[in-house]
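Asks: Sharing a model prediction with you, sequence too.
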Amino acid sequence: MSADDARLRVSAAGLVNADPARVYSIIADYRNGHPRIVPEQFSHMEVERGGFGDGTIITFQVRVLGRTTKFRAVVTEPEPGRVLVERNVEGSDSMTTFEVAPGPDGRGTTVTITTDLKTRDGILGWLERAISKRVMEPMYRRELEKLAEVAAGTPSLVVGRRL
């Protein structure tokens, strides 16, 4: 097994019926916007520092399959207004990226949520990757739905597995 096999990438994308700047501002606002779009599995989101975009430090918990895991992440903006990254700084080596781009024909906004994480080698790693993908993709689709509701005021979203 190569080193690349011990990594997992999970992604979901959707078209939100709202302006890219509005969509990005909701994602980057960890005090008021982002807490409104996270799926039900997420809880106890707290801002330790900052609160909007680059330099923000957040903690939150995720409950999946009866197990709660705490995360602490630093937010960066490699492309402000377009790409925002949450990098876990404790525990797992994971990174979640939010990409925002104008939608097809300049209408709406295409949003892609992608998580890259390290997994174990061998059969346990294979199982971990299979389960993680089945759990995380629906969570991200739900997050995109909630983002569409917050951004547009109505549930108007076209969700694809991968764009």
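Replies: Noted; the coordinates are in hand. Computed from a predicted model, the values in this text were never measured in an experiment. Numbering: from 1, shown residues only.
Asks: Tell me who's in contact with the residue sitting nearest the centre point of the chain.
Replies: Nearest residue to the geometric centre of the chain (CA atoms, centre = their mean): Ile113, 4.6 Å. Contact analysis of Ile113 by CB atoms under 8 Å, 6 or more residues apart in numbering lists 11-13, 96-98, 140, 143-144. No exception for glycine: its C-beta is placed from N, CA and C like everyone else's.
Asks: will you turn the residues you listed into TSV that also has secondary structure and pLDDT?
Replies: As requested, these are exported to TSV (DSSP: H, G, I helix; E, B strand; the rest coil; pLDDT from 0 to 100):
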residue	secondary structure	pLDDT
Ser11	strand	92
Ala12	strand	94
Ala13	strand	95
Thr96	strand	93
Thr97	strand	96
Phe98	strand	97
Tyr140	helix	91
Glu143	helix	92
Leu144	helix	95
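Asks: Return the closest of these with respect to Glu77.
Replies: Using CB to CB, Phe98 comes nearest to Glu77 of those, at 9.9 Å.
Asks: Who are the contact partners of the closest one?
Replies: Residues in contact with Phe98 (CB under 8 Å, 6+ apart) are 27, 83-86, 111-113.
Asks: Show me which helix or strand of the chain is least confident by mean pLDDT.
Replies: strand 157-160 (a mean of 45; mean pLDDT, DSSP states H and E).
Asks: Now do the host helix or strand of Arg63: which elements does it pack against?
Replies: Assessed by DSSP states H and E, Arg63 sits inside strand 57-64. Counting contacts by 3 or more CB pairs under 8 Å, 6 or more residues apart in numbering; DSSP states H and E, strand 57-64 packs against strand 42-49, strand 67-79.
Asks: and of the ones you listed, who's closest to Arg36?
Replies: Nearest to Arg36, of these and by CB to CB, is strand 42-49 at 10.3 Å.
Asks: What are the buried residues along that closest one?
Replies: Neighbour-count burial for strand 42-49 flags 42, 47 (criterion: 16 or more other CB atoms under 10 Å).
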